[in-house]
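Participant: Model the following, please.
(one chain, ligands or ions: 1)
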Amino acid sequence: MKFVELETERLRLRACRADDFDDVFALYSDRENMKYTRNIITNADTMREALMRWVGGVDADPCYDFEWIIELKSTDEFIGHALVMDFGWQKEISPDLSYNEGHCETSIFILPQHQRQGYGREIKRAVLDFMFESLNCREHVSSCDERNIASQRIIESVGMKFDHSWDIPKAIDGEQTGETERRRVYTMSRADWEARDA
Ligand SMILES: CC(C)(COP(=O)(O)OP(=O)(O)OC[C@H]1O[C@@H](n2cnc3c(N)ncnc32)[C@H](O)[C@@H]1OP(=O)(O)O)[C@@H](O)C(=O)NCCC(=O)NCCS
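Facilitator: All right, here's what the predicted structure looks like:
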């Protein structure tokens with residue numbers, strides 16, 4: 001399917017544009033806010049490259065990489081970035097993982113000043129519904145650093161089940177730092193989603 005924009009009660013998930021650069025760079029270069037992710041980007045060229053990939057992905061048909069800018073509907077203000085991708089990237093790091101195509105993963109990144117207002121959970125629910133209703137997602141996989149309490153609360157509250165923990169190389173600007181982080185991996189099958197408490 002082609003790229004689509006999504007809406008929740010309070011938020012708009014829209015296509016990325018080149019002029020989002022300052023906002024996404026401020027989000028991704030904030031080491032403190034992003035400390036439990038593999039997504040810290042401190043190099044402007046790396047950020048520009050990533051943003052242009054997301055912008056280009058909007059016209060792909062079919063679209064494999066859904067990257068959304070998150071805005072408040074009330075003010076059009078930028079508050080973050082969310083995405084859906086195939087879980088296959090983790091297989092490159094850990095080839096013994098049993099996940100196959102059709103296992104979609106989501107990530108959500110919100111500016112600190114907009115956190116703890118329920119936006120993360122609102123986005124997660126909308127993206128979950130999109131994956132199971134519109135993408136051919138067989139199973140949804142979410143993983144987060146075991147110290148990332150906010151992520152775990154969101155993941156568990158939408159009914160995902162803990163699967164296993166594993167150690168993953170930490171990376172900044174896409175380069176491994178030599179450290180590892182312990183991540184908790186959760187799954188949700190299509191049957192779990194259909195039986196969810198919506
Ligand atoms: C993880 C993240 C997306 C959560 O977004 P959010 O909009 O703040 O989440 P919500 O407001 O929906 O809160 C969900 C739950 O987490 C709790 N929570 C939020 N921030 C928290 C924090 N810093 N510490 C502890 N709990 C927190 C909320 O109280 C809420 O708990 P509840 O289940 O009792 O209601 C946001 O913290 C973030 O962008 N963090 C930086 C990037 C990141 O780590 N992304 C996740 C990658 S795996």
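
Participant: what pLDDT does R190 get?
Facilitator: In this model, R190 is scored at 88, pLDDT.

Participant: where does S94 land on pLDDT?
Facilitator: For S94, pLDDT reads 47.

Participant: roughly how far apart are the closest residue to the ligand within the chain and T106?
Facilitator: Nearest to the ligand, among the residues of the chain, is G120, at 2.5 Å (CB to the nearest ligand atom). (C-beta placed from N, C-alpha, C; glycine too.) Distance of G120 to T106, computed by CB to CB, to the nearest Å: 11 Å.

Participant: V141 too?
Facilitator: On the measure of CB to CB, V141 and T106 end up 9 Å apart.

Participant: now the helices for the protein?
Facilitator: Counting by DSSP state H, the chain has these helices, from start to end: 21-28, 44-57, 88-93, 119-133, 149-157, 190-194.

Participant: and R14, how many neighbours does it have?
Facilitator: Residues lying near R14 (other CB atoms under 10 Å) number 16.

Participant: Also M47?
Facilitator: M47: 20 neighbours (other CB under 10 Å).

Participant: Same check on the one 5 residues further on?
Facilitator: In terms of burial, M52 registers 13 neighbours under the definition other CB under 10 Å.

Participant: Skipping its backbone neighbours, what lies nearest it in space?
Facilitator: Leaving aside its chain neighbours, M52 sits nearest to A18 (7.0 Å; criterion: CB to CB, 6 or more residues apart in numbering).

Participant: so how far is I108 from that neighbour?
Facilitator: 22 Å.

Participant: Looking at those two, which one has more neighbours?
Facilitator: I108 (21 against 10).

Participant: Once you drop chain neighbours, what's closest to that one?
Facilitator: Distances taken as CB to CB, 6+ apart place A82 nearest to I108, at 4.7 Å, with adjacent residues excluded.

Participant: residue contacts, that neighbour?
Facilitator: Neighbouring residues of A82 by CB atoms under 8 Å, 6 or more residues apart in numbering: 13, 67-68, 70, 106-109, 123, 127.

Participant: try 7 Å
Facilitator: 13, 68, 70, 106-108, 123, 127 (CB atoms under 7 Å, 6 or more residues apart in numbering).
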